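> give the three-dimensional model of this entry:
(chains A and B)
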Amino acid sequence: MKAFAKMFTASLKEFARDRTAFFWTLAFPILFMLLFGAIFGGGDSTQIQVGLVVEDQGSAGEGLAQAFSNVPVIKLYRGDRETELAALKTGKRGVVVVLPAGLSQSIGSGQTGQVEVYYDPSQQMSTQFRLAVVQQVLEHTERHVTGNTPMFSMTPKTIQAERMRNIDFLVPGILGMALMQLGIMATSQPLIALRQNQVLRRLGTTPLPRTTVLTSQVTLRVLIAVAQAALIVLVARLVFNVQMTGSWLVLLGVVLFGGLTFVSIGYLIAAVARTEESGMAIAQIINFPMMFLSGIFFPVEVMPKFLKPVVTAMPLTYLGDALRQTMVGASALHPLTLDIAVLGAWLLVCLALAVRFFRWE
Amino acid sequence: MDNTLAIEVRNLVKRYGNLTAVDNINFTVNRGEVFGMLGPNGAGKTTTAECIAGLRQPDGGDITVLGMKVGPDTHRIKARIGVQLQTAALYPLLTVREVLDLFASFYPNQKKRVNLDELVALVDLQEKAKTYTKALSGGQRQRLSVALALVNDPEIIFLDEPTTGLDPQARRSMWDIISRFRDQGKTIFLTTHYMEEAERLCDRVAVVERGRIIALGSPADLITTHFKESAIEVQTPASPADTILSNLPGVSHAQRENGRLTLFTVAVLATMAGLMELSESGQVTFKDVTMRRATLEDVFLKLTGRRIRD
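Residues are numbered from 1 along each chain as shown, chains lettered A, B, ... in the order given. This next block holds a predicted model:
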């Protein structure tokens, strides 16, 4: 027990004194979150930035402007055609609606009023949604003006309990990324170094059981995983006001389990790689596709079909999903039990392979 | 088993694929003795040491350490020996004192606790006690590695090439430290390819080549067994000096290497006189005459036809 405590403290000191490892495991995810949060997390993703250009002098123009400003999901900006279109080009507006001169006359003379709607086709996903909202406003106004009683009234409802912002989507993803990188990089690298420097061999000349070497290392990694999670949740709450919706206990369980799964993958890498460099190469081959394809940063739905099998196989897909539904109550891809079951399968397989192939020298 | 024996090796064989690294080796090491294995790289010294320390599984033979069989009793043996490996990189971001403390915790059932501060002093690292091991020089690292082999107050210390890669000054300081262990009555098993190291430190030396012991005995015995003669070295072109000088009075045989001819003679004065005559008559031109006693290097050269560090 004393040897375990000493081994644990020694690994902890080595970790804390290694500024590179310290940065990548603890500081990097936070910086990443702050950066991503600053870029994408500023606005409410369900709020639409609408630029309104009223060139019409009549009552129709003012009436429509009033109608737009009454819609809660619309953040309305008014300006002339030139400035609003420029703002659309730089992404500051989601859509620009122009009520051209003579609109009131056209409507007054029984003709269809032509409303011009500008949008950026490169923003395909969100544009459809925005156009639908604008359409809705126009139809609603039309009925109002023509005196028809609207056949339907629409109450906007979200599928989540609370409205999800970009940052709410991001934070669990960043935690998932941090846990993965802790496992596959921050675990395999020091272990390969210990073997390459013959430290493991040197330990083999003492009566210290090998299990103590392993358990002390794994315990440390898993505790670092919990510290990482705590730090990320704390900063997300303080800086971006991301509220935790699920149970803390379940979150702790998911973090421990996910951390353990990726640590076992790290051990497998250390078992297969001969040098630190080849270990890093293998880790990156695993790291990059998982980061971009597992849905931790981009919704799985936008992935091309042929990647679906890869996405389905990745453990990070399930860890990300488990974290997201636990932390911010996002609609789940899978039930939590399935997420845990798939992670457990990965854990068992990697652990078995690591035990089988791990070399001490 | 004889209680005065620290190590007993019988018919040890170790193969790596087709290569037989250790080829049927037999020897014993007495308690309190400094026993050296001397030989070139790849001769099987390190493999032998690793088999005795329980780090490698032999392909044949029996090894007994402190009366216990290596294999079934390896775990118990490990508690009573200390091993220093050739490469000594150790937890780069721990301090000297922390690494010692860590290794001491691996031996929970020690009868006598080793005072780690004394150990630090023994290897002259007092000023480096709070330094990260990665900041140590090669010699300091090697001394730390030796100190780590002592945290359990072992009965046998294994030192694998303890001075390889060290500068002459660091080597000398390591020799001093090993002499201190010897004075404390420890049994030391040492491998080296430095003749001088073996001659200075070892009570007995096993000269190994290609996995076999080709000579075994105290350095002095080995030299006198193989050389009754003294050696005179001269720098001279091969022809016609070799024939003429080999026939000088007293010369039993001659060896040429690197432009130098070594004459082994039983009558130093007669040979020297002959050399002077040749020089004065101008028959042979030579320079840089040195006279020395035969060394283990000469023994190795005589037995194998090559030098240890080729």
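
> leaving out sequence neighbours, find the closest residue to the residue of the stretch 201-310 of chain B found nearest chain A.
For the stretch 201-310 of chain B, the residue positioned closest to chain A under CB to the nearest CB is residue B:211, at a distance of 20.8 Å. Placement of C-beta: from N, CA and C, glycine included. Of all residues not flanking residue B:211 in the chain, residue B:23 sits nearest, at 3.6 Å (CB to CB, 6 or more residues apart in numbering or on different chains).

> so the one you found belongs to a strand, correct?
Yes - counting by DSSP: H, G, I helix; E, B strand; the rest coil, residue B:23 falls inside a strand.

> quick check: it touching residue B:47?
No - with contact taken as CB atoms under 8 Å, residue B:23 and residue B:47 are classed as non-touching, separated by 10.6 Å.

> which of those two has more neighbours?
residue B:47 (22 against 16; other CB atoms under 10 Å in any protein chain shown).

> how many other residues sit next to the spatially closest residue to that one that is not a sequence neighbour?
When the adjacent residues along the chain are set aside, residue B:47 lies closest to residue B:21, with 4.5 Å between them (CB to CB, 6+ apart). Here the count is done by other CB under 10 Å, and residue B:21 has 22 residues near it.

> report the contact partners of residue B:21.
Taking CB atoms under 8 Å, 6 or more residues apart in numbering or on different chains as the contact definition, residue B:21 lies against B:14-15, B:44, B:47, B:211.

> ok, now residue A:204?
A:210, A:360-361, B:55.

> top helix in chain B by residue count?
Among the elements of type helix in chain B, defined by DSSP state H, the one spanning the most residues is helix B:168-183.

> buried ones in it?
Applying a neighbour-count criterion of 16 or more other CB atoms under 10 Å in any protein chain shown, one finds B:170-171, B:173-175, B:177-178, B:181-182 buried in helix B:168-183.

> which of these sits closest to residue A:21?
Ranked by distance to residue A:21 (CB to CB), these are led by residue B:170 at 31.7 Å.

> just checking, the closest one touches residue B:139?
Yes - with the criterion set as CB under 8 Å, residue B:170 and residue B:139 qualify as a contacting pair; they are 3.0 Å apart.

> anything in contact with each of those two?
Common neighbours of residue B:170 and residue B:139, counting by CB under 8 Å, 6+ apart, are absent.

> I'd guess residue A:118 is in a strand, am I close?
Yes - assigned with three-state DSSP, residue A:118 falls within a strand.

> any figure for the gap between it and residue A:96?
4 Å (CB to CB, to the nearest Å).

> circling back: so which of the contacts of residue A:204 is the most crowded?
Within those, most neighbours by other CB under 10 Å means residue B:55, with 21 neighbours.

> one step back: so which of the contacts of residue A:204 sit within strands?
Among the contacts of residue A:204, DSSP state E puts none in strands.

> re earlier: residue A:118 and residue A:96: who's more crowded?
In terms of neighbours (other CB under 10 Å), residue A:96 is the more surrounded of residue A:118 and residue A:96; the figures are 26 against 16.

> how much space separates that one from residue A:134?
With the distance defined as CB to CB, residue A:96 ends up 10 Å from residue A:134.

> skip the chain neighbours and tell me the closest residue to residue A:216.
That would be residue A:7: by CB to CB, 6+ apart, it lies 3.8 Å from residue A:216.

> am I right that that neighbour falls within a strand?
No - residue assignment for residue A:7, taken from three-state DSSP, gives helix, which places it outside any strand.

> correct me if wrong: it contacts residue A:219.
No - between residue A:7 and residue A:219 no contact is recorded; they are 9.4 Å apart, counting by CB under 8 Å.

> ok, and the closest non-adjacent residue to residue 232?
All of this refers to chain A. Here the nearest residue to residue A:232 in space, its sequence neighbours aside, is residue A:175; by CB to CB, 6+ apart that works out to 4.9 Å.

> looking at chain B here, not the other one
In this structure, residue B:232 finds its nearest non-sequential neighbour in residue B:263, 4.6 Å apart by CB to CB, 6+ apart.

> who does that neighbour bridge with?
Beta bridges link residue B:263 to residue B:232, residue B:254, judged by DSSP bridges.

> and it, what is it in contact with?
B:231-234, B:245-246, B:248, B:251, B:254, B:271.

> are any of these buried, and which?
Among the contacts of residue B:263, those buried by neighbour count (16+ other CB under 10 Å) are B:231-234, B:245, B:248, B:251, B:254, B:271.

> helix/strand/coil for residue B:111?
Using three-state DSSP, the secondary structure recorded for residue B:111 is coil.

> what's the answer for residue A:208, then?
Following three-state DSSP, residue A:208 is assigned to coil.

> can you tell me the helix or strand for the nearest residue to it once chain neighbours are set aside?
Once its chain neighbours are removed from consideration, residue A:208 has its nearest residue in residue B:106; the separation is 4.1 Å (CB to CB, 6+ apart). Take DSSP states H and E as the rule and residue B:106 turns out to sit in neither a helix nor a strand.

> and the contacts of residue B:263 as JSON lines, adding distance to residue A:195?
Conversion of these to JSON lines gives the following (distance: CB to CB, whole Å):
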{"residue": "B:231", "distance to residue A:195": "47"}
{"residue": "B:232", "distance to residue A:195": "52"}
{"residue": "B:233", "distance to residue A:195": "47"}
{"residue": "B:234", "distance to residue A:195": "52"}
{"residue": "B:245", "distance to residue A:195": "56"}
{"residue": "B:246", "distance to residue A:195": "55"}
{"residue": "B:248", "distance to residue A:195": "59"}
{"residue": "B:251", "distance to residue A:195": "55"}
{"residue": "B:254", "distance to residue A:195": "51"}
{"residue": "B:271", "distance to residue A:195": "57"}
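
> format those residues as JSON lines; extra columns: pLDDT.
What follows is these, written out as JSON lines (pLDDT from 0 to 100):
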{"residue": "B:231", "pLDDT": "87"}
{"residue": "B:232", "pLDDT": "88"}
{"residue": "B:233", "pLDDT": "87"}
{"residue": "B:234", "pLDDT": "87"}
{"residue": "B:245", "pLDDT": "83"}
{"residue": "B:246", "pLDDT": "83"}
{"residue": "B:248", "pLDDT": "86"}
{"residue": "B:251", "pLDDT": "88"}
{"residue": "B:254", "pLDDT": "86"}
{"residue": "B:271", "pLDDT": "88"}
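
> quick check, nearest of these to residue A:285?
residue B:233 (60.8 Å).

> on that earlier part again, okay, the residue nearest to residue A:208 and residue B:196: tell me how far apart.
Using CB to CB, which is the criterion applied here, residue B:106 is 34 Å from residue B:196.

> which one of the two has more residues nearby?
Under the neighbour definition other CB under 10 Å, residue B:106 and residue B:196 were set side by side, and residue B:106 has more, 21 against 14.

> pLDDT at the more buried one, what is it?
Turning to residue B:106, the model gives it a pLDDT of 92.

> got the contact list for residue 96?
Using chain A. Residue A:96 is in contact with A:50-53, A:84-85, A:87-88, A:117-119, counting by CB under 8 Å, 6+ apart.

> wait, I meant chain B there
Listed by CB under 8 Å, 6+ apart, the contact set of residue B:96 reads B:120, B:125, B:128-131, B:133, B:136, B:144.

> relative to chain A, which of the residues you listed is nearest.
Taking CB to the nearest CB as the measure, chain A lies nearest residue B:133 of these, at 10.4 Å.

> just checking, that closest one touches residue B:143?
No - applying CB under 8 Å, one finds residue B:133 not in contact with residue B:143, separated by 11.3 Å.

> quick one, which of these two is more surrounded?
Here residue B:133 and residue B:143 are set side by side on neighbour count (other CB under 10 Å), and the busier one is residue B:143, at 27 against 21.
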